Every structure is written in structure tokens, then in C-alpha cells.
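Novice: sequence first, predicted model second:
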Amino acid sequence: MEVTTIKKVSCPECGAEIEAPDDVMLKEILSCPDCGLELEVVKIEGDKLELQKILIEKEDWGE
Amino acid sequence: MTVQIGMLCDRIRPDERMVIEAAKRKGVDLKVHNVDELVFTTAKDQEMKFESVILQRVMSYFKSLHVTGLLENSGIRVVNSFNAALVCGNKLLTSTALSKAGVPTPKTVVAFTDESAIKALDKVGYPAILKPVVGSWGRLIAPLKDIDSTKAILETREYMFPLYQVFYIQEMIQNLIRDIRCFVIGDRAVAAIYRYSAPGEWRTNVARGGRAEVCPITPELEELCVKAVKAVGGGAFGVDMMETSNGLVVHEVNYTTEFKATTESTGVDIPGLMLDYLIDMVKH
């Protein structure tokens, strides 16, 4: 999958660089390529992203 | 003219990101709606500005089901439909729909009290599997190995929401190391994978660490999957099957299926094919 990546952010857990698509959206889930941690985009300000660890798995998520 | 399609989400997983990228490649104007930010009315809504066809990708089953009902009430076509979501989101309703359509399924019994559940187990024998009728990613699915462990497990359910006291008990297919997931879009099986359970885990869900491998689509497999999908209403689905000594049995039909693992294993552009199906709906 080819995605133009312009936004870069550090993994809050291991510090590795995570790339996000240029049209990244709020509530988008990104995975750290190094430690595999799943992170949710909670704030977008220009090229800056704020990520939060996904701590919960709600009871009726998934299939 | 550019085709407009809507996608309803509550999170953007890699799967939804793949749909967004596929839409860019196909020149589809894909509008992404976050269900958590919307307000609906139960009357036919004239003000909501939705596209005529919507791809439903909300992760939460209850949200997804209810929103689909609201959208359909406003004349919007949703993939998959309310009826399909209702049937597929409930294992008991899925079993009855499949059985009615003549699709082979694992032997399943249902009971509503501890005592009747123990009696029901005589019909399927040990080991069996207790599954919540509504549930996903293998949560709260319990192996029933013998009468003592079964009694203990049933007792725990007494303290849960009444939905967990609908005891849906299924035969355990022996020596199962993998199951099969096949994607059906419209009347075609487009990709299939074997799902192997992770070490130390008996459930095969990729969300539980399971591993995917390409599964060839035989005419038998395609015929069975298309029949299963027609039984729940038609659309775009992931059909889960197990291999038994008597052939394939269908145990689940998923209506907002995660396709990342299958796309990566098979190389089949499932999000692209789903969009083609929706584009066709918009045009007809």
C-alpha cells in the first residue's frame, strides 16, 4: 500500500519513529513498527500528532 | 461524474485506512463519517447529508447495528444491511438462518438455565464450546471439558448481563488446528485464508495472535460460502468455516469483517473489490 507520509511522530513507549499518512484522521489507529504498540490519534495540529495508547478493548468491538 | 460513497467509522483501523487509499486509487469521493460525532433522529431524516450508499465499518456491534437501522430508515443503502448485521451479530440467529438454508453448521444446542444446559450437553457431548450469542474476537468463549468445569463456568455467567445466560453450546470439532475465513463480495468468493491459532491459544482469531496462510478457493468452498452469505441477506462478508471429517461446516458469518490479514496473505485487493461493489450499487 503506497501512502504519502509527511507526518512523523515518536512512539511514546519505545521512541521509534512512526509514520502517519498525510491525511491522517482523528481516532485513526497507528502501530509502532518497532514495538507493535497500538496508538490512537487524539489530536492533530498541523504536522504535529498526539498519540495515546489504546488501553481498552470494548466488549462489543470486532467480529 | 465522480462517485460519492460514505464510510461510517468509530476508529480508523489499518483496514479503514486501506479503504481510504483504495478510494484515492479509484477516484472515488469517499466521505468518512465518525459515528461518535453525529446526532440522529428516529424520524426519516431530511437534513442528514449522507451519500446514497454507505460502507459500515463501525467497530462496536451495538452502535453499528443501531446506526444502520437509522440510516436505512432515511433511505440510505448500507453495506451490510440492518438485517444482515442483526443476524450475523448474533450466533444463534446466524445458526438458524444457515440451518434453514441447508448450510452445514456445527451441532449446536441452546438452553437458558444451568440445569438445562447440562442436559443439553448430553446431545453434543464433551468437550463442547460455550459461546456468548453476541460477542467477538473470541471473548468469553469457553471450552466445556467435563461436567465439573462446565458447572463452574455456567455459575460465573449467573453474575453477568442476562445475554450471557443464553447458553449457546456447540460441539467442539476435534484436532482443529486451523479454520478458514473466506471473503464473499456479492456472489463471488474473492479470497480465503487458513487461520492457525497462536501457540498456547485455542482460538484462531487473528486478533488473538492467530497466523494467516493462503487457502485455495475450491468450487465446493465458493458454493458453500455464497450459500451462507445469501442465507444472511447478501453483501460483503467474511465466512468462517471449519474442516471436519464430514466436510466443511460454517460457524460464523462476519458482516464488518477485518480484511488486513487476508489482503496481506493473499495479495487480493479486498478493499478495492468492496469499493467496486459499492460503486456498482451507486450506479444501479
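Specialist: All right, it came through fine. Numbers count the residues shown, from 1 in each chain, chains lettered A, B, ... in the order given.
Novice: low-confidence bits of chain A, can you list those?
Specialist: A:1-6, A:55-59, A:62-63 (pLDDT under 70).
Novice: which residues touch the residue nearest the centre of chain B?
Specialist: Closest to where the C-alpha atoms of chain B average out (CA atoms, centre = their mean) is B:N254, at 1.4 Å. With contact set as CB atoms under 8 Å, 6 or more residues apart in numbering or on different chains, B:N254 has these partners: A:63, B:88, B:181, B:237-240. No exception for glycine: its C-beta is placed from N, CA and C like everyone else's.
Novice: bridging residues for it?
Specialist: Note on B:N254: beta-bridge partners by DSSP bridges are B:G238.
Novice: with neighbour count and distance to B:D122 added, can I get the contacts of B:N254 in a markdown table?
Specialist: As requested, the contacts of B:N254 are exported to a markdown table (neighbours: other CB atoms under 10 Å in any protein chain shown; distance: CB to CB, whole Å):
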| residue | neighbour count | distance to B:D122 |
| --- | --- | --- |
| A:E63 | 22 | 32 |
| B:C88 | 28 | 29 |
| B:R181 | 27 | 32 |
| B:F237 | 27 | 34 |
| B:G238 | 25 | 33 |
| B:V239 | 29 | 30 |
| B:D240 | 22 | 27 |
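Novice: save these as CSV, and put in distance to B:M59 too.
Specialist: Listed next are the contacts of B:N254 as CSV, based on distance: CB to CB, whole Å:
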residue, distance to B:M59
A:E63, 9
B:C88, 15
B:R181, 18
B:F237, 17
B:G238, 15
B:V239, 20
B:D240, 18
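Novice: and the furthest pair within those?
Specialist: Across the contacts of B:N254, the longest distance by CB to CB is 13.6 Å; it joins B:C88 and B:R181.
Novice: spell out the residue ranges of the strands in the chain.
Specialist: Because you didn't say which chain, this covers chain A. Remark: strands assigned in chain A by DSSP state E are A:5-10, A:17-21, A:29-31, A:38-45, A:48-53.
Novice: sorry, should have said chain B
Specialist: B:4-9, B:29-34, B:53-56, B:77-79, B:108-111, B:128-131, B:142-144, B:167-171, B:178-185, B:188-196, B:211-214, B:236-244, B:247-254.
Novice: dump those into TSV; add mean pLDDT and distance to B:L154 as well.
Specialist: Converted to TSV, those look like this (pLDDT from 0 to 100; distance: least, CB to CB, whole Å):
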stretch	mean pLDDT	distance to B:L154
strand B:4-9	97	37
strand B:29-34	96	40
strand B:53-56	97	34
strand B:77-79	97	37
strand B:108-111	97	9
strand B:128-131	95	8
strand B:142-144	93	9
strand B:167-171	96	7
strand B:178-185	96	25
strand B:188-196	96	28
strand B:211-214	91	32
strand B:236-244	96	24
strand B:247-254	95	21
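Novice: quick one: closest of the ones you listed to A:G36.
Specialist: Comparing those by CB to CB, strand B:211-214 comes nearest, at 15.0 Å.
Novice: show me what the closest one is in contact with.
Specialist: Taking CB under 8 Å, 6+ apart as the rule, strand B:211-214 contacts B:178, B:192-196, B:198, B:206, B:261-262, B:264-266.
Novice: just the buried positions in that strand, please.
Specialist: B:211-212 (16 or more other CB atoms under 10 Å in any protein chain shown).
Novice: partner strands of that strand and their direction?
Specialist: Strand B:211-214 is paired, per DSSP bridges, with strand B:188-196 (antiparallel).
Novice: just so I know, which of the strands of chain A lies nearest chain B?
Specialist: strand A:29-31 (5.1 Å; CB to the nearest CB).
Novice: close to chain B, is that closest one?
Specialist: Yes - contact between strand A:29-31 and chain B is present through A:29, A:31 (criterion: CB under 8 Å from any CB of the partner chain).
Novice: and that strand, which strands flank it?
Specialist: By DSSP bridges, strand A:29-31 pairs with strand A:38-45 (antiparallel).
Novice: what residues sit buried inside the partner strand?
Specialist: A:39-41.
Novice: thank you, goodbye.
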